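[1] Let me see the structure of the following:
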Amino acid sequence: MRRRDLTPIHPGVYVDHTGPPSWLQRAWAAVLHGWPAALCAESALRAWDGPGRRGHPDAGAIHIAVDRNRHVVPPPGVVVHRLADLEGKSQWHLGPPRLRIEEAVVDDLAQGSNSVLEHGYLRLVERPHGLPRGRRQVAARSRGRIYRDVLHEE
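    This next block holds a predicted model:
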């Protein structure tokens, strides 16, 4: 480390260069920091899309899943989710390990987005820009009963 051959990303996790780490390096570092852990939520979907795919920003937090009985303190830039049956929901042989695609999609949709447009807003606007989480499908009155896709109180 004195010779700058290795640069720490998280405690005990290093890269072999001094420039900014790529998304893939950040994903690996997050998984290794929480090991055994797997990418989940947006990070799993980003990994499934592969390199160079549009629609997934490289900035923003890396989401990892750990077993629900574990407590992992997340370093800056990492969000830790605790899941039941992580072993059965993950594909450990992939690099980096991640939730199965069907688990990641269902987990992502469980946040309340009911349309492609809402899901796009959640994935491409709210999460990457760190906006506060909005209330979804809020009932309102305006010439009858309507539902607001997302309501931000502020």
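[2] Distance-wise, check D149 relative to L45.
    20 Å (CB to CB, to the nearest Å). C-beta here means a position set from N, CA and C on the backbone, and glycine is covered the same way.
[3] Of the two, which one has the most company?
    More neighbours surround L45 than the other of D149 and L45, with 22 against 16 (other CB atoms under 10 Å).
[4] Remind me what the strand or helix carrying that one packs against, helices and strands.
    Counting by DSSP states H and E, the element that carries L45 is helix 41-49. Using 3 or more CB pairs under 8 Å, 6 or more residues apart in numbering; DSSP states H and E, the elements in contact with helix 41-49 are helix 23-33, strand 38-39, strand 62-67, strand 98-99, helix 101-109.
[5] quick one: contacts for V66?
    V66 sits next to 34, 36-37, 72, 80-83, 86 when contact means CB atoms under 8 Å, 6 or more residues apart in numbering.
[6] Try it again at 6 Å.
    By CB atoms under 6 Å, 6 or more residues apart in numbering, the contact set of V66 is 34, 37, 72, 82.
[7] Give the PyMOL command for selecting the buried subset of the residues you listed.
    To isolate the buried members of the contacts of V66 in PyMOL, using 16 or more other CB atoms under 10 Å:
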select buried, resi 34+37+72
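[8] Serialize the contacts of V66 to CSV and add fields for distance to R123.
    CSV is the format used below for the contacts of V66 (distance: CB to CB, whole Å):
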residue, distance to R123
G34, 23
A37, 21
V72, 24
R82, 22
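[9] Q137: which of the contacts of V66 is nearest?
    R82 (25.3 Å; CB to CB).
[10] V73: neighbouring residues, count only.
    V73, neighbours per other CB under 10 Å, totals 9.
[11] and it, helix, strand or coil?
    V73 falls in the coil class when you classify it by DSSP: H, G, I helix; E, B strand; the rest coil.
[12] for this structure, which spans come out with low pLDDT?
    Filtered on pLDDT under 70, the chain yields the residue ranges 51-57, 107, 109-114, 154.
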